[in-house]
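Trainee: Quick check, what structure comes out for this input:
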Amino acid sequence: MTNDLMITILNELNIDYAYHHFKKPPEGDAYIAYFEDEKVRFLADDKVYGWEPSFAVELYTKNKDLTTESQLISLFDKYEVVWSGGESVWIDSEQIYQTVFYC
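Mentor: Numbering: from 1, shown residues only. The predicted structure is shown next:
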């Protein structure tokens, strides 16, 4: 996964997004913060032959939004992005749901 591919996917989803955090709160009912959470290495014989970033994609919604989650998953599938996660939590202090995907 590259940052360019992540941006392509998020542009196609058509909701507000930012790398890591927003400078001011987004206005919509759904938005995404994404960030690189690891560098996945390809290695053998004690040598790193290459690497690529993996990302955490945090979907925030005012109400549990299965439609937006499904659209994001469909885009991951369309671009053949291997993903995991999808667990949701309620953040009481923000009055918002957070659903996290890893890819």
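Trainee: Residue 55 bridge partners, please.
Mentor: When assigned by DSSP bridges, residue 55 has beta-bridge partners residue 36.
Trainee: For it, give me its contacts.
Mentor: 1, 6, 34, 35, 36, 37, 102, 103 (Cβ atoms under 8 Å, 6 or more residues apart in numbering). (Each C-beta comes from the backbone N, C-alpha and C, glycine too.)
Trainee: what does stretch 88-99 rub up against?
Mentor: Residues from elsewhere that reach stretch 88-99, judged by Cβ under 8 Å, 6+ apart: 58, 59, 60, 61, 62, 63, 64, 65, 69, 86, 87.
Trainee: redo that, cut-off 7 Å
Mentor: 58, 59, 60, 61, 62, 64, 69, 86 (Cβ atoms under 7 Å, 6 or more residues apart in numbering).
Trainee: ok, of those residues, which come out buried?
Mentor: By neighbour count, with 16 or more other Cβ atoms under 10 Å, the contacts of stretch 88-99 hold 58, 59, 60, 61, 69 as buried.
Trainee: Please identify the buried residues of the least confident helix or strand in the chain by mean pLDDT?
Mentor: Within the chain, judged by mean pLDDT, DSSP states H and E, the helix or strand with the poorest mean is strand 30-44; its value is a mean of 88. When burial is assessed from 16+ other Cβ under 10 Å, strand 30-44 yields the following buried residues: 30, 31, 32, 33, 34.
Trainee: show me the contacts for the first one.
Mentor: Under the criterion of Cβ under 7 Å, 6+ apart, the contact list for residue 30 reads 15, 59, 60, 61, 65, 68.
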